[in-house]
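**Q** Task: produce atomic coordinates for the following.
(one chain, ligands or ions: 1)
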Amino acid sequence: MNLPALSILVLHGPNLNLLGLREPGIYGSLTLAEINRLLNSKAMELQTQILPVQSNHEGVLVDAIHGALGYHQGIVINAGAYTHTSVALRDAIAAVNLPTVEVHLSNIYGREDFRHHSYIAPVVIGQISGFGAQSYLLGLQALVSYLRK
Ligand code: DQA
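**A** Numbering: from 1, shown residues only. Below is the predicted model of the structure:
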């Protein structure tokens with residue numbers, strides 16, 4: 001069966017370019033390139049396309065969210081530390097009004113208090129936290145099934 005084509009923007013925030021090297025006990029040993037490869041295979045399985053983008057800069061992430069309008073039907077975002085600080089990212093997600101899933105490799109609620117609050121949680125359709133690279137795959141799957149409902 002041919003499903004309608006969907007394109008999903010996958011946004012990786014600050015320090016996620018160092019995955020593999022960065023605190024592997026918390027974030028796992030996979031590199032960002034390996035996670036993107038897993039996401040691509042999952043996307044093919046789901047008959048979907050993804051565009052992965054990583055930036056360490058808040059404004060670049062805001063621009064990428066704005067740029068999704070007209071090109072992508074939804075967003076999977078791991079905003080990294082900006083999750084806990086960025087009103088600008090939250091406002092960008094609310095502004096474009098594209099269904100968005102928030103993902104985290106680690107369980108942010110099992111860590112330091114400052115990680116327990118997410119500025120973006122109120123403007124996303126759901127959040128997946130704590131399953132390592134699987135969080136991204138589960139997030140993509142949840143978003144695609146939401147969009148096809
Ligand atoms: C993270 C959790 C954040 O608290 C942290 O700042 C990150 C990664 C995660 O994927 O577990 O950079 O978003």
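
**Q** so what's the nearest residue to Tyr136 once chain neighbours are set aside bridging to?
**A** In space, and not counting its chain neighbours, Tyr136 is closest to Val103: 5.3 Å by C-beta to C-beta, 6 or more residues apart in numbering. From N, CA and C alone the C-beta is placed, and that goes for glycine too. Note on Val103: beta-bridge partners by DSSP bridges are Ile128.

**Q** Pull the contacting residues for Val103.
**A** Neighbour list for Val103: Val76, Ile77, Asn78, Gln127, Ile128, Ser129, Ser135, Tyr136, Leu138, Gly139 [criterion: C-beta atoms under 8 Å, 6 or more residues apart in numbering].

**Q** Does the ligand have contacts with the top helix by length along the chain?
**A** Longest helix in the chain, counting residues (DSSP state H): helix 133-148. No: Helix 133-148 lies out of reach of the ligand by C-beta under 6 Å from any ligand atom, never closer than 7.2 Å.

**Q** just stretch 35-54 next, same as before
**A** No: Stretch 35-54 lies apart from the ligand when judged by C-beta under 6 Å from any ligand atom; the minimum separation is 10.4 Å.

**Q** and that stretch, how far out from the chain's middle?
**A** Put simply, stretch 35-54 sits 12 Å off its chain's centre (C-alpha atoms, centre = their mean, to the nearest Å).

**Q** that older thread, out of the contacts of Val103, which one sits closest to Gln47?
**A** Closest approach between these and Gln47, by C-beta to C-beta: Val76, at 16.3 Å.

**Q** For the closest one, name its beta-bridge partners.
**A** For Val76, the beta-bridge partners under DSSP bridges are Val10, Val101.

**Q** OK, contacts around Gln54?
**A** Contacts of Gln54 (C-beta under 8 Å, 6+ apart): Leu11, His12, Gly13, Leu16, Asn17, Leu32.

**Q** Near the residue lying closest to it once chain neighbours are set aside, how many other residues are there?
**A** In space, and not counting its chain neighbours, Gln54 is closest to His12: 3.9 Å by C-beta to C-beta, 6+ apart. His12: 24 surrounding residues under other C-beta atoms under 10 Å.
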